[in-house]
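Peer 1: Whatever this is, show me its structure:
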Amino acid sequence: MISLSPELKQLLRGPHTTALLLTVHFSTPFRATNSGASLKHNGATFVSGFWSDDGIRTEQQGSPKVGEVPINLNAIDSAISALFFSEKWLNTPVTVEKAWLNNAGKIAFTQVIYKGLIAEKGGEESEKTASIALKSASIWADFEAARGRKATHKSQQLYYPNDMGMEFSGTVITDIPWGREGNSPAVTSSGRGGRGTTPTQDHE
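Peer 2: The predicted structure is shown next:
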């Protein structure tokens, strides 16, 4: 059950609207809103027009759950593209707040609804439009550790940006089952091209 503050209860009784506030915590924070107009909150301006009108979709769970949330940005302003290409974006914290606006269009109450870390970044550009597509990973990712190798190059660099040990993990066909007999096909001397093997002769 979600408890509502007296201030929010009073606000909900009258005319009001809602909006989402996005903060990407770079050295100079990037702030955007899916509202039709820019909004000010706690001395910061959340700029309209850079974030998709859909915002993000989240679902409240009774227990920690790992997932990825897409964040689509309009990058027609070259300053946005420059920001995301100049900053170290991997593993950068992301916060999304829900804001309730009064009938004057001012923010009267906010609530944090999502926190995550940027895991992926992509984008598209043409003569008339440009976009940046981010994926934010849940901060609960460490709570769903599983036995066996589950890491990929991208997930490894999420926590260790300079580690290249998993760079070619996607080309591995079969895992090596350490300590027990596995199902991987045996590699013969012919499969190795005769390198590193000792020639043998058949005796009758």
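Peer 1: any idea where the helices of this structure begin and end?
Peer 2: 6-12, 78-86, 153-159 (DSSP state H).
Peer 1: List of residues touching the second one?
Peer 2: Among residues not part of helix 78-86, those counted as contacts by Cβ atoms under 8 Å, 6 or more residues apart in numbering are 26, 28, 30, 50, 73, 74, 75, 121, 123, 125, 130, 132. In this view, the C-beta of every residue, glycine as well, is placed from N, C-alpha and C.
Peer 1: from memory the last one sits against residue 125, does it?
Peer 2: Spelled out, that is residue 132. No: in this structure residue 132 lies outside contact range of residue 125 using Cβ atoms under 8 Å: 9.5 Å.
Peer 1: between these two, who's got more neighbours?
Peer 2: residue 132 (21 against 12; other Cβ atoms under 10 Å).
Peer 1: so the nearest residue to residue 17 once chain neighbours are set aside bridges to which residues?
Peer 2: Excluding its sequence neighbours, the residue lying closest to residue 17 (Cβ to Cβ, 6 or more residues apart in numbering) is residue 101, at 4.8 Å. For residue 101, the beta-bridge partners are residue 17, residue 107 (DSSP bridges).
Peer 1: Give the full set of residues in contact with residue 101.
Peer 2: 16, 17, 18, 19, 35, 39, 107, 108.
Peer 1: on that earlier part again, turn the helices of the chain into CSV, including mean neighbour count, distance to residue 45 and mean pLDDT.
Peer 2: Formatted as CSV, those follow (neighbours: other Cβ atoms under 10 Å; distance: least, Cβ to Cβ, whole Å; pLDDT from 0 to 100):
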stretch, mean neighbour count, distance to residue 45, mean pLDDT
helix 6-12, 12, 22, 80
helix 78-86, 14, 14, 86
helix 153-159, 16, 30, 69
